[in-house]
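> predicted coordinates and the sequence they were generated for:
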Amino acid sequence: MTRPFAASLAAVLIAAAGIAFVVAGPQRLAARALAVIGPAAAEESGAPIYYQDPDGKPSYSLVPRKTPDGRDYRAVPAAADVSFDDDQATPPMATTTAGGSGERKIKYYRNPMGLPDTSPTPKKDSMGMDYIPVYEGDDSDDGSIKLSPGKIQRTGVKSEPAAMRVLRTAVRAPGTIALDERRISVVAMRAESFILKVADVTTGSHVVKGQPLMEVYSPSVSSAAAEYLTTITSKTTSGDVQYGRGSRQRLMNLDVPDAAISAIEKSRTVPTSIGWTSPRDGIVLERNAVEGMRVEPGGVLFRIADHSMVWALIDVAERDFGMIANGQPVTVKARSFPGREFTGKVQVIYPEINKETRTARVRIELQNPDLILLHDMYVDADIDTGSGEAVLAVPESAVMDTGSRQAVFVDRGQGRLEPREVKLGQRGGGLVEVRQGLAEGDAVVVSANFLIDAESNLKAALKGFAEGAQQ
């Protein structure tokens with residue numbers, strides 16, 4: 001930047017700073033404006049260009065000032081001010097090599113504002129700024145880019161080596177609670193019957209196995225009971241086990257409870273009614289029994305479900321379906337009970353895709369000892385799909401993904417960064433597996449990738465313009 005232009009710019013900024021000082025007050029005056037004005041005004045005299053809080057706080061002043069506790073602000077000369085420009089320690093026309101015995105050749109000059117304009121000779125742009133020389137070796141043919149130490153520090157470029165790591169990939173998906181189909185029982189009559197009495201059991205009641213539900217009179221059951229009683233009490237057939245077994249089997253075929261059959265054997269009488277009991281522990285989902293009603297064969301009177309074991313039906317997105325396998329551990333959280341977790345494993349993967357939601361369903365069996373997981377309750381599942389084997393991985397921030405291609409910048413040292421295409425695998429825990437393109441120990445850039453990518457694209461464009469101008 002030329003000295004006349006710098007002086008003009010300093011005057012403009014001083015005027016703007018004065019307006020800002022009046023309108024916004026001294027505390028809101030930007031420190032960067034002070035840093036720009038200072039060197040232009042005190043470059044030769046070495047006088048302080050501004051004053052900063054002695055504790056390093058972001059508080060500045062154009063004139064000497066004291067803190068509330070009486071301490072003087074620290075004077076900042078031009079030499080100690082922060083510079084935002086690249087180092088220009090060597091003349092623009094030539095620079096010595098690392099050995100100090102030769103000069104590097106300037107290939108062309110590029111526009112200082114980043115415009116696609118180059119020149120084979122030194123020139124200035126419309127604002128009076130010198131074009132920046134580009135030396136041989138700075139624009140290598142391998143697509144790499146070289147950054148100065150100052151630019152690396154300002155943009156926050158950081159590198160990290162690719163290493164073997166164990167990825168913990170969790171697939172998160174919503175779902176609902178469903179009843180275990182194997183733990184549902186119905187109470188139905190297998191012969192024409194009449195309900196004489198119904199116990200104090202309603203829909204939603206919890207019952208235990210063997211608890212009385214109702215008393216039923218059935219002509220077919222009474223006939224079979226009389227036949228069984230005759231068989232076991234007759235002097236002729238009582239000693240023949242086969243006769244008694246056949247008559248008892250007839251009662252069992254009519255679904256008469258074992259307790260009722262045992263009562264007939266003990267009392268040696270045919271009961272007027274038979275007491276029907278619950279076949280399992282569970283919740284009454286349905287009650288259709290009414291006192292005095294006539295029941296046809298097959299009519300369902302009670303439906304009872306065991307809630308001690310339930311299913312979680314999880315809808316997994318189609319893109320994640322390939323990572324799901326039977327036996328993977330799952331953590332389920334119910335939205336109704338924050339902080340409570342239920343663990344299980346993938347038991348069944350349903351062989352179909354929902355065409356409306358593009359999801360696949362998996363089933364997890366969950367223990368429900370407190371009976372707090374209810375039918376159709378919403379839950380969220382975390383399925384651990386990690387294999388437990390270490391793979392070559394880098395942080396996700398190191399990868400630039402264009403959709404069809406993925407690439408990283410490999411740090412080759414001395415500010416030179418090489419773009420390299422990679423093939424990726426699974427992701428998890430902020431890491432991504434690299435299956436092709438890197439080796440263990442290769443240092444990759446993990447921050448400021450897009451700034452570097454913009455710089456490399458700019459240099460590639462400038463190189464193309466320079467080659468076209470030379471031709």
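Right, received. Where do you want to start?
> how close does residue 78 sit to residue 59?
Per C-beta to C-beta, to the nearest Å, residue 78 is found 20 Å from residue 59. Glycine gets a C-beta too; all of them are placed from N, C-alpha and C.
> please say which of these two ends up with more neighbours.
The residue with more neighbours, out of residue 78 and residue 59, is residue 78; 20 against 17, by other C-beta atoms under 10 Å.
> report the contact partners of the nearest residue in space to residue 437 that is not next to it in sequence.
Spatially, and ignoring its direct neighbours in sequence, residue 437 is nearest to residue 422 (3.4 Å; C-beta to C-beta, 6 or more residues apart in numbering). The contact partners of residue 422, by C-beta atoms under 8 Å, 6 or more residues apart in numbering, come to 399, 406, 407, 408, 434, 435, 436, 437, 438.
> now residue 336. Nearest residue, chain neighbours left out?
residue 377 (6.3 Å).
> I figured the one you found hits residue 334, correct?
Yes. The pair residue 377 / residue 334 is scored as a contact, 6.1 Å apart, by C-beta atoms under 8 Å.
> who's more crowded, the two?
Neighbours were counted for residue 377 and for residue 334 using other C-beta under 10 Å; residue 334 has more, 20 against 17.
> burial check on residue 197, number of neighbours?
Neighbours around residue 197, by other C-beta under 10 Å: 14.
> whoops, I mixed them up, residue 208
When neighbours are counted by other C-beta under 10 Å, residue 208 registers 10.
> residue 413 too?
8.
> surely it forms part of a helix?
No. Under DSSP: H, G, I helix; E, B strand; the rest coil, residue 413 sits outside any helix and is assigned coil.
> which pLDDT value goes with it?
For residue 413, the model assigns a pLDDT of 78.
> now swap in residue 375 and tell me
pLDDT, residue 375: 91.
> distance of it relative to residue 331?
According to C-beta to C-beta, residue 375 and residue 331 sit 21 Å apart.
> please apply the same query to residue 122.
67 Å.
> quick revisit: which neighbours do residue 377 and residue 334 share?
Taking C-beta under 8 Å, 6+ apart as the criterion, residue 377 and residue 334 both touch residue 177.
> residue 61: how many residues sit nearby?
For residue 61, the number of neighbouring residues by other C-beta under 10 Å comes to 16.
> ok, now which ones touch the closest residue in space to it that isn't next to it in sequence?
Once flanking residues are discounted, residue 61 sits nearest to residue 51: 4.6 Å by C-beta to C-beta, 6+ apart. Listed by C-beta under 8 Å, 6+ apart, the contact partners of residue 51 are 60, 61, 62, 63, 64, 65, 73, 74, 75, 76.
> so which of the contacts of residue 422 are in helices?
Using DSSP state H, no member of the contacts of residue 422 sits in helices.
> strands of the stretch 201-350 of the chain, residue ranges please.
Using DSSP state E, counting those that start in this stretch, the strands of the stretch 201-350 of the chain run over 206-207, 212-217, 274-277, 282-287, 294-295, 300-305, 309-317, 329-334, 341-354.
> pull up the pairing partners for the fifth one, direction included.
Within its sheet, and counting by DSSP bridges, strand 294-295 is paired with strand 193-198 (antiparallel).
> just how off-centre is the partner strand within its chain?
57 Å (C-alpha atoms, centre = their mean, to the nearest Å).
> least trustworthy helix or strand in this structure by mean pLDDT?
Every helix and strand in the chain was compared by mean pLDDT, DSSP states H and E; the lowest is helix 3-24, with a mean of 40.
> how close does residue 393 sit to residue 325?
21 Å.
> these two - which one has more neighbours?
Between residue 393 and residue 325, counted using other C-beta under 10 Å, the more crowded position is residue 393 (25 against 12).
> quickly find the element holding the more buried one.
Element membership for residue 393 (DSSP states H and E) is strand 390-395.
> could you give the average pLDDT over that strand?
Strand 390-395 shows a mean pLDDT of 88.
> buried residues in that strand, which are they?
Neighbour-count burial for strand 390-395 flags 391, 392, 393, 394, 395 (criterion: 16 or more other C-beta atoms under 10 Å).
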